[in-house]
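Asks: just the structure for this:
(chains A and B)
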Amino acid sequence: DGGITQSPKYLFRKEGQNVTLSCEQNLNHDAMYWYRQDPGQGLRLIYYSQIVNDFQKGDIAEGYSVSREKKESFPLTVTSAQKNPTAFYLCASSIGGGLQNIQYFGAGTRLSVL
Amino acid sequence: EDKVVQSPLSLVVHEGDTVTLNCSYEVTNFRSLLWYKQEKKAPTFLFMLTSSGIEKKSGRLSSILDKKELFSILNITATQTGDSAVYLCAVEGAGNMLTFGGGTRLMVKP
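Replies: Numbering: from 1, shown residues only, chains lettered A, B, ... in the order given. Okay, the predicted model is just below:
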């Protein structure tokens, strides 16, 4: 089955703790993205990567970090510097390379603060 | 700064009704407009529109783009309870990035 897998589905963070959200895809897509969704709002871009070993900040990158060491994987770390991390986090991927950019999404991780 | 605005914010209808969802945008270097349906978790892709005036259709759902007036509409005819979801509009601009609107929450009552 081809698709995007996010884990865990639910995550709790303590004060001062860094947590990492996993995103894996087997669609052979070059581009991957992380979004944050707050209740009743649309998606805001945190980070994106158009190719392995390269990534760019999105609109709300402060307090987050990413890596792209493998084509299939794009983990997101929510650091202690992110003061309001409670949200629904969505990972997406697309073919990339300047082609029409249909992004396909994983099922999301819901992060809450203890 | 790219901007996408959806209206209405929310909508309650009864099964069998027809609904029209709106999406207006201001985007530098427009490439495409996309509609997604989000039920509980992952947004699922509905349509991609690139040309004005050409209707895309899938079953009871259809969508059209007006690049002169900078908007798109998503129509759902003969609504069913399974159509209840948040509908997201996104526009692709420079750099292949998507800018999302805030969504329209549709509830279809039996």
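Asks: if you count neighbours, what's buried in stretch A:58-68?
Replies: Within stretch A:58-68, the residues scored as buried using 16 or more other Cβ atoms under 10 Å in any protein chain shown are A:58, A:61, A:64-66, A:68. All C-beta atoms are positioned from the backbone trio N, CA, C, and that covers glycine.
Asks: what is the nearest of those residues to residue B:54?
Replies: Relative to residue B:54, the closest of the buried residues of stretch A:58-68 is residue A:58; by Cβ to Cβ it sits at 30.7 Å.
Asks: now the closest residue to the closest one other than its chain neighbours, what are its backbone angles?
Replies: Counting by Cβ to Cβ, 6 or more residues apart in numbering or on different chains, residue A:45 is the residue found nearest to residue A:58 once chain neighbours are left out, at 3.2 Å. Torsion angles at residue A:45 (phi, psi; degrees, to the nearest 10) stand at phi -80, psi 130.
Asks: and residue A:45, what does it touch?
Replies: Taking Cβ atoms under 8 Å, 6 or more residues apart in numbering or on different chains, we find residue A:45 in contact with A:33-35, A:58-60, B:97-98.
Asks: and the furthest pair within these?
Replies: Using Cβ to Cβ, the pair of those lying farthest apart is A:60 and B:98, separated by 14.3 Å.
Asks: the spatially most central residue of chain A and chain B, how far apart?
Replies: In chain A, the residue lying closest to the centroid (Cα atoms, centre = their mean) is residue A:34, at 2.9 Å. Distance, residue A:34 to chain B, by Cβ to the nearest Cβ, to the nearest Å: 13 Å.
Asks: list the neighbouring strands of the helix or strand containing that residue plus their orientation.
Replies: Using DSSP states H and E, residue A:34 falls within strand A:31-37. Partners of strand A:31-37 in the sheet, by DSSP bridges, are strand A:43-51 (antiparallel), strand A:87-94 (antiparallel).
Asks: how distant is it from the center of its chain?
Replies: From the chain centre to the centre of strand A:31-37 is a distance of 4 Å (Cα atoms, centre = their mean, to the nearest Å).
Asks: interface residues of chain B facing chain A?
Replies: For chain B, the contact set with chain A under Cβ under 8 Å from any Cβ of the partner chain comprises B:4, B:6, B:31-32, B:34, B:36, B:41-45, B:48, B:50, B:88, B:90, B:92, B:96-98, B:100-103, B:105.
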